[in-house]
Structures are given as structure tokens and as C-alpha cells.
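Novice: pasting the structure only:
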Ligand SMILES: Cc1cc2nc3c(=O)[nH]c(=O)nc-3n(C[C@H](O)[C@H](O)[C@H](O)COP(=O)(O)OP(=O)(O)OC[C@H]3O[C@@H](n4cnc5c(N)ncnc54)[C@H](O)[C@@H]3O)c2cc1C
């Protein structure tokens, strides 16, 4: 996922970054002095897009910002596992656009972008409307490679085997299936290989489903059939499972029978190299790629993700189009909501500079990610990133992971911080 930058390009970036600061947000000389009213269209009102739209307005309210998002209510994936665990409701993870519209004067359009003409600088919507732009920001999130798993399909995900990796109806379906399951039932979770959205997500999910089962259906089991041989925060998760849910969660890696070859949604079976497993609830999370619009607009390369200039997140394929969030290739940064939001801020700052005839500043990017293993048992990982000739890399010694020997107080405090994290980021983006 790392993109190399040529030495010449890197020197240019460093020169540009001489006046840079954390997130590149301060010291924006010329803020608000754009001669004519510049137009930015933002596609996608999720973590990346909504942040970029809001911060453009915060940095220069004279810019005309249009945010195009088909959903009136955006359910966040962060905390959707908490809904499965019975710790939050769908309403708790619902975000709306009223503040962006009314307070920040962003033109929020409930529609879907169907095409981008990067040469003419226009986007076309499903309704037939056309919007011109000076700069376009695309944050469409992910799409799923259903065909990578024999027998799996969008239809199967909507009927028998939800992925629940986009929050909303998929979360509700998985929750209903868990509620309907008998005590003593088996839940199978099938996480994909890297790279995918929220690396600790499937394991937080296993933890919080285990919490629900321990309370309501304690004879039940969870089997994780993984396409990888190791996963994010593995030691900490495994320790937490042994402590809170002894004997309930079994994890099998790719080389020990975890790799899923085939599913049969009618029979509720999953086939691996080691044989068939039958589940009462089967959560298949397929391999992922950039959101469909990124493919339709020719913004992806052969990896299935979008290559970008790491300073401004401008596409390396279509100038004038910036791609942020899960869809872009951001070096060492994970595909997380916090990372997407961080990239949204950097991109907003870069665009304001570009409008003012200045060079974007080299950014510092950050990521913080909390996972809940039980209601009073949280863990976290944080990282700070810098730009080098190797692309975006994490800074050694900055950030860190919950220590393996953290005591109960620390773990409980992490769970409290996780709640604060959600409230802060939701307020920062949609509030
Ligand atoms: C179970 C789970 C738990 C997670 N937990 C965390 C967590 O604790 N912390 C964290 O930081 N991250 C977490 N994540 C990851 C996080 O949800 C994503 O990384 C984040 O949503 C990515 O932001 P984005 O802007 O790229 O995409 P999204 O937030 O998915 O937004 C994309 C938006 O674009 C819209 N869109 C798509 N195509 C079009 C189009 N053609 N026209 C108009 N609009 C369009 C979609 O409707 C959508 O609203 C979790 C993910 C999952 C699945």
C-alpha cells in the first residue's frame, strides 16, 4: 500500500512543508482572500467527506461547498459492534447533516454521483443534475469483492449471511439473527485478508457478540475463520477473550483451517481447506476495494485503491480530484474513520492554500482507534505519521498500544476514553 515518491518530488514536498504544522491547519496565509467564489464539490458524507466539507468552511467561509450524499441518516460503523453487543442503539450511531447545512452553510444534496468528468470538472448525479467544481473531493468508502468467495453475493449478504461492514440495515439484520439464535448456537465470523476497513473491527465484533451471548445465551460459541495468520492487537484481544469469555471464542488463522473457500447461504455452511463448518449465524466479511464511484471514474490503479499525492490527497490519475478515506492509498495509515477525518482536514487545508496560489504544507497525520472487549475493558492504538521518500510512514515512538500488562483500572479507563472518542469525533464532523 506504500507509494514511493521520487527524490525530486520529495524535495518539492519538503520545501512545501517548511511552514507546515500539525495537520497543516494553522498558518494559512491568505485564508479567505480568494478573489472569486471557488466551488468545491465533496462526494460522500461519511468520515472523510463530511470532515473535509466542514473544515473547508471553517478555513474559508467564502468557498462554496456542496456535499453530495444519498443517505439522510449516516449510521457510523464505529460503535456498530457496540449495537451488536447490546451496549448502544442504532439511534446512538445515527448522524445527520442539519448542522453542516444550517450552521456551516454547506449545500447538502441528497443524491448519488454517477459520473465524474475530470477534464470538464463536472459531476453528474443520479437525478440528472450536473455540478461544476474547481476542486472535487471524493470519499466514497469501500465496495465489496463478493465474487472472491464462492457462493457469496450481495443477495446472500442481504438475506442469510450479512457482512455488517457498512452500518445500517446490515447491522440490524445481523443483530436480529443473533437475537433469534438459540442458546447453544454457533456464530461464525469470517474476516478478510488485508487491506480492509478497520483492522481490529472483526475482533471487537467477536468480543461484543461474546458479551451479548455470555449474558443471554451462555452455551453459545463463536468461531472466527480468518483469511490471515495474524490480526491487529492480537495479543491483547486474545488475553481479553481468555479473561472475559473463557472457552467461548475460537480463532483459526489462514494456515490452520481459517481460509474460507466457499459458502452455502441456504445450508448456512462455510467451507475451508479443512472441511465444512455449519453456523446458526454466519457473518462473512468479504475482501474490499475502493467504493464503486472510484472505479467508474477511473481513480483506482491495479490494486483496487486510489493512488494520491500524500501532501494534498490529489489523485495521481486525475488532477483536481482529491481522494480521501478508505478509498485512497495512504501508506501506513489504516482504513479508519479517524484516519479518514484526519485526511479530510489535511485536504481542506491543502485546497485553501491551492486556491490562494500557495503550495500545500507537508502534513502530520494521526490515527487513534479504540476497541471494546467488554463494557469496562477497552484497548487502543494510536499513531502519528510523517511524510518521507517512502510515502506516509508512522513515526517511531509516537503513539502506542495499550500495554499487555495493563491493569483493570487502565482497561476500564480505556473503555471510558472510547466513549469520549466517539462523542468527540462525531461532534467534530457532524456537530
Ligand atoms: C465494524 C466497524 C467498526 C469500526 N470502528 C471504527 C472505530 O472504532 N474507529 C475508527 O476510526 N474507524 C472505525 N471503522 C472504520 C470506519 O468506519 C471507516 O474507516 C470510515 O467510515 C471511512 O470513512 P470514508 O469517508 O472513507 O467512508 P464512509 O464513512 O463509509 O463514507 C462514505 C460515504 O460515501 C457515500 N457515497 C458512496 N458513493 C457515493 C456516490 N457515488 N455519491 C454520493 N455519495 C456516495 C456513502 O453513502 C457513504 O455515506 C469501523 C468500521 C467497521 C466496519
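Specialist: Here it is on my side, so go on. The structure presented is a predicted model; accordingly, all values stated were derived computationally and were not measured.
Novice: element containing residue 177?
Specialist: Using DSSP states H and E, residue 177 sits within helix 169-180.
Novice: quick one: mean pLDDT over that helix.
Specialist: Per-residue pLDDT values over helix 169-180 give a mean of 98.
Novice: do stretch 70-88 as well
Specialist: 98.
Novice: could you do stretch 367-383 as well?
Specialist: Mean pLDDT, stretch 367-383: 97.
Novice: and that stretch, how far out from the chain's middle?
Specialist: Distance, stretch centre to chain centre, for stretch 367-383: 15 Å (CA atoms, centre = their mean, to the nearest Å).
Novice: check whether it contacts the ligand.
Specialist: Yes: interface with the ligand: stretch 367-383 contributes 369, 370 (CB under 6 Å from any ligand atom). Where you see a C-beta, it was placed from the backbone N, CA and C, and this is true even at glycine.
Novice: and that stretch, end to end?
Specialist: End-to-end span of stretch 367-383 (CA to CA, to the nearest Å): 5 Å.
Novice: can you give me the helices in the stretch 201-350 of the chain?
Specialist: Along the stretch 201-350 of the chain, counting by DSSP state H, counting those that start in this stretch, helices occupy 201-216, 234-244, 292-296, 337-355.
Novice: circling back: in the helix holding residue 177, what counts as buried?
Specialist: Neighbour counts using 16 or more other CB atoms under 10 Å place 170, 171, 172, 173, 174, 175, 177, 178 of helix 169-180 among the buried residues.
Novice: then stretch 48-68?
Specialist: Residues of stretch 48-68 classed as buried by neighbour count (16+ other CB under 10 Å): 48-57, 59-60, 63-68.
Novice: show me which of those neighbour the ligand.
Specialist: Filtering these for proximity to the ligand (criterion: CB under 6 Å from any ligand atom) leaves 48, 49, 68.
Novice: ok, now which ones touch the closest residue to the last one other than its chain neighbours?
Specialist: Think residue 68. Of all residues not flanking residue 68 in the chain, residue 109 sits nearest, at 4.8 Å (CB to CB, 6 or more residues apart in numbering). Going by CB atoms under 8 Å, 6 or more residues apart in numbering, residue 109 touches 66, 67, 68, 69, 125, 129, 131.
Novice: equivalent analysis for residue 160, please.
Specialist: Shown in contact with residue 160 (CB under 8 Å, 6+ apart): 265, 266, 268, 282.
Novice: among those, which are in strands?
Specialist: If you go by DSSP state E, these have residue 282 in strands.
Novice: circling back: run the angle between the helix holding residue 177 and helix 201-216 for me.
Specialist: On the basis of axes from the mean of the first three to the mean of the last three CA atoms, to 10 degrees, helix 169-180 is oriented at 30 degrees to helix 201-216.
Novice: wondering if helix 169-180 reaches the ligand at all.
Specialist: No: Helix 169-180 stays clear of the ligand (CB under 6 Å from any ligand atom), getting no nearer than 8.3 Å.
Novice: from the chain's centroid, how far away is that helix?
Specialist: 21 Å.
Novice: likewise for stretch 298-306?
Specialist: From the chain centre to the centre of stretch 298-306 is a distance of 17 Å (CA atoms, centre = their mean).
Novice: so that stretch, near the ligand or not?
Specialist: No: with CB under 6 Å from any ligand atom as the criterion, the ligand is not reached by stretch 298-306; the gap is at least 10.6 Å.
Novice: who does the longest strand seen in the chain touch, helix- and strand-wise?
Specialist: Criterion DSSP E: the longest strand present in the chain is strand 377-388. Other elements packing on strand 377-388 under the criterion 3 or more CB pairs under 8 Å, 6 or more residues apart in numbering; DSSP states H and E are helix 7-16, helix 234-244, strand 365-374, strand 391-394, strand 400-401, helix 408-430.
Novice: ok, which of the ones you listed comes nearest residue 149?
Specialist: With CB to CB as the criterion, residue 149 lies closest to helix 234-244 of those, at 22.9 Å.
Novice: in that closest one, what's buried?
Specialist: Neighbour-count burial for helix 234-244, counted by 16+ other CB under 10 Å, picks out 236, 237, 239, 240, 241, 244.
Novice: any idea how far the ligand is from the third one?
Specialist: Noted for residue 239: a distance of 20 Å to the ligand, by CB to the nearest ligand atom, to the nearest Å.
Novice: per-residue pLDDT, residue 36?
Specialist: The model's pLDDT for residue 36 equals 78.
Novice: could you verify that it is part of a strand?
Specialist: No: counting by DSSP: H, G, I helix; E, B strand; the rest coil, residue 36 falls outside a strand, being coil.
Novice: so of the buried residues of stretch 48-68, which ones are in strands?
Specialist: Those of the buried residues of stretch 48-68 lying in strands (DSSP E): 64, 65, 66, 67, 68.
Novice: the ligand: which of these is nearest?
Specialist: residue 68 (4.8 Å; CB to the nearest ligand atom).
Novice: the closest one is in contact with residue 111, isn't it?
Specialist: Yes: under the criterion of CB atoms under 8 Å, residue 68 makes contact with residue 111 at 5.7 Å.
Novice: circling back to that earlier point, winner for burial among the helices and strands packed on strand 377-388?
Specialist: Highest mean neighbour count of those: strand 365-374, a mean of 23 (counted as mean count of other CB atoms under 10 Å).
Novice: just checking: what are the partner strands of that one?
Specialist: Here strand 365-374 has these sheet partners by DSSP bridges: strand 377-388 (antiparallel).
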